[in-house]
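> sequence first, then the predicted structure:
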Amino acid sequence: MYLGKTVEELHELLVSKKVTPLELTKEAIEALKKEETNAIETICEKEALEFAATLVEPEVDNLFWGIPYVAKDNFSTKDILTTASSEILKDYVPVYDATVITKLKEAKAVLIAKSTLDELAMGGTGTTGHKGTTYNPYDPTHTYKIGGSSCGSASLTAQGIVPFALGSDTGDSVRKPASYAGLVGFKPTWGRISRYGLFPFAPSLDHVAYFTRSVKDSAALLEVLAGEDLAHDATCSVKPVEKYTEGLTGDLKGKKIARIKEIDESVKDKVILEGLDKVQKALEEAGATVEEVNFDQKLLAAVYPAYMIISCAEATSNNANLDGIKFGPRVGEASSYQDVMMNARTNGFSELIRRRFVIGSYSLFKANQEELFLRAQKVRRLIVNKTNEILSQYDAILTPCGGIVRNPFASNSDDVSDRLDIHTIIVENHLGIGNFGGFPSISVPMGLDNGFPFACNIMTKVFTEKETLNIAYAIEKKLGLKNLSTMEVK
Amino acid sequence: MVKYDLDLLKKCANNLMFDMSNDQYNVLLKEFDVLTKQMEVLGEIDGVNDVEPMTFPYPVYTTYLREDVAETPLSKKEALRNAKDVEDGQIVLPKVVG
């Protein structure tokens, strides 16, 4: 029984030959077949078993040798169905691998499945994929969300089936579900990891991100995934990849960490505030000083509308290629190529996606750009400037991931609504600041409430992943909430 | 800003090559009311007109030229393998010219 172990633990077992990659892969695939949260698009059984069987001689210095993992189904995987959980791509089989998939293949990690997501990664509820809702494994009653859009990857990691899973994060799509699923969810700096082969949603905000069950695994995974991709992604940084694992000391002597007053004041659930206070104490014990700072309530409330306009505008343009001609379904009778496209796109995209595209297109009308798209981009700059101002005086910003521990399906959907109060708008959307400015941002578990995990978030300056990870490591070490899974907690 | 109504939203959707039901357009209309109101409030934020729009998280100065390496391009078979209707190595569509 090797489920529920971290990458580090599995590596020990593999190099000491107590288990083989093939045995690990078989066990994980059997667990996938029994899982009950609707987290899987495709099990890559044949490919995974064939690849695992080739891994015979353990590589002592390669932590990911023989480790099973899953990838969100918006990463291009050669010869493996890749749907983005959308009907328009339900039969799409890519002809190339995303760079991160290639890197993991080179590291000899074993891809065992593609996981569900909110359709085209445009959502935060885990309910809008073409296969229906993905459930939170911590909640057998199916009352509370796991969140999205990387819902399937979060669920499968939280169940202990895999020790890590790839996701993508455009607004908070890894860091928010990480909180509901008791995981470490990390989005490094924009441009730290190549986005080649990640289906674009809003490229100026899109990040490759991932789930693990320990900070150390998260640091080790970044060493594999980060780095230039000269042939494919010109926005991917050429900065050298650091030894992130070597920075994990847990020593925060001299570090200054800020808590944002307006975000803390927007938290509804006192359990979360108590959790944050515990985190603050842990940080102080590790040698840091923690202070409260002001951001600006108006600016924080502006994150969500600015995000909507920018992301929808970019998405409208990026998804124009999904036309039902080169790929996608041919639906009904068509007397012109326009009919082919109309039929494919009307039937291939869910209602939510189509509404988002119209919002994006309208924002890009020449006559509307000044008041919508450009204004949203200016607000983005003000928010990023303010964040950089705080980060010029502090090493990191500590926030909650959201305002409530458990998020019921009945509440805040992805619809645009004026029913939400300003506090909810702030506390449920502030993680988007990490995408606006490309800041490294990590969610790390900070508590359990009636068996439901919840996390805090640490954000630092761009390209300071060593710092982000070490602060998260100090929190994990002090709070002892490492390697949570439903196998442990239930 | 262009005034929006159901007709405009429908036109916009059709330009994007899809359609929606009347109920769906009505939901969208309500979303537009909320979003445009929120965007008006954003226009009142101090300094919003004193900054340049932000297109990317930070300036990207990466400049380089790739090595000119010959590669095997996608084969015709691979390029066409996801198209639903293919004949003689070409994607089939309804006739454009009668």
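Arrived safely. Numbers count the residues shown, from 1 in each chain, chains lettered A, B, ... in the order given.
> tell me the pLDDT at whichever residue of the stretch 1-150 of chain A sits closest to chain B?
Per Cβ to the nearest Cβ, A:Val95 is where the stretch 1-150 of chain A lies closest to chain B, at 4.7 Å. No exception for glycine: its C-beta is placed from N, CA and C like everyone else's. For A:Val95, the pLDDT comes out at 95.
> got the buried residues for stretch A:83-96?
Within stretch A:83-96, the residues that count as buried by 16 or more other Cβ atoms under 10 Å in any protein chain shown are A:Thr83, A:Ala84, A:Ser85, A:Ser86, A:Glu87, A:Ile88, A:Leu89, A:Lys90, A:Tyr92, A:Val93, A:Pro94, A:Tyr96.
> doesn't the residue of the stretch 1-150 of chain A closest to chain B fall inside a helix?
No: under DSSP: H, G, I helix; E, B strand; the rest coil, A:Val95 sits outside any helix and is assigned coil.
> give me the element A:Thr399 is part of.
strand A:396-400 (DSSP states H and E).
> now that strand, how far from the centre of its chain.
Centroid displacement of strand A:396-400 relative to its chain, using Cα atoms, centre = their mean, to the nearest Å, is 17 Å.
> packing partners for the lengthiest helix in chain A?
If you go by DSSP state H, chain A has its longest helix at helix A:373-393. Contacts defined by 3 or more Cβ pairs under 8 Å, 6 or more residues apart in numbering or on different chains; DSSP states H and E place helix A:373-393 against strand A:256-260, helix A:297-301, helix A:303-318, helix A:351-364, strand A:396-400, helix A:433-436, helix B:22-42.
> circling back: so the closest residue to the residue of the stretch 1-150 of chain A closest to chain B other than its chain neighbours: helix, strand or coil?
Distances taken as Cβ to Cβ, 6 or more residues apart in numbering or on different chains put B:Glu78 closest to A:Val95, at 4.7 Å, once the chain neighbours are dropped. The local conformation at B:Glu78, judged by three-state DSSP, is helix.
> neighbours around B:Glu78, how many?
Using other Cβ atoms under 10 Å in any protein chain shown, B:Glu78 has 15 neighbouring residues.
> surely it and A:Pro94 touch.
No: the criterion here is Cβ atoms under 8 Å, and B:Glu78 misses it with A:Pro94 at 9.9 Å.
> now A:Arg175. Its backbone dihedrals?
phi -70, psi -30 (degrees, to the nearest 10).
> ok, it - contacts?
A:169, A:185-187, A:209, A:401, A:431, A:434, A:441-443, A:455, A:457 (Cβ atoms under 8 Å, 6 or more residues apart in numbering or on different chains).
> closest one of those residues to chain B?
A:Gly434 (9.3 Å).
> separation between the closest one and A:Glu428?
From A:Gly434 across to A:Glu428, the span is 14 Å (Cβ to Cβ, to the nearest Å).
> same thing with A:Thr54?
Distance, A:Thr54 to A:Glu428, by Cβ to Cβ: 45 Å.
> next one: A:Glu242
33 Å.
> what does the stretch 51-200 of chain A have sitting close to chain B?
A:Asp91, A:Tyr92, A:Val93, A:Val95, A:Trp190, A:Gly191 (Cβ under 8 Å from any Cβ of the partner chain).
> what residues are up against the residue nearest in space to the middle of chain B?
With distances taken as Cα atoms, centre = their mean, the residue of chain B nearest its centroid is B:Leu16 (7.9 Å). By Cβ under 8 Å, 6+ apart, the contact list for B:Leu16 reads A:Thr316, A:Arg345, A:Arg354, A:Phe357, A:Val358, A:Ser361.
> from A:Thr346, how far off is it?
10 Å.
> quick check: neighbours shared by those two?
A:Arg354.
> distance from whatever helix or strand A:Ala53 lives in to the middle of the chain?
Using DSSP H and E, A:Ala53 falls within helix A:45-54. In terms of Cα atoms, centre = their mean, the centre of helix A:45-54 is found 26 Å from the chain centre.
> in chain B, which residue sits nearest chain A?
Closest to chain A within chain B is B:Pro57: 2.9 Å, counting by Cβ to the nearest Cβ.
> isn't A:Lys108 up against A:Phe64?
Yes: the criterion here is Cβ under 8 Å, and A:Lys108 meets it with A:Phe64 at 6.7 Å.
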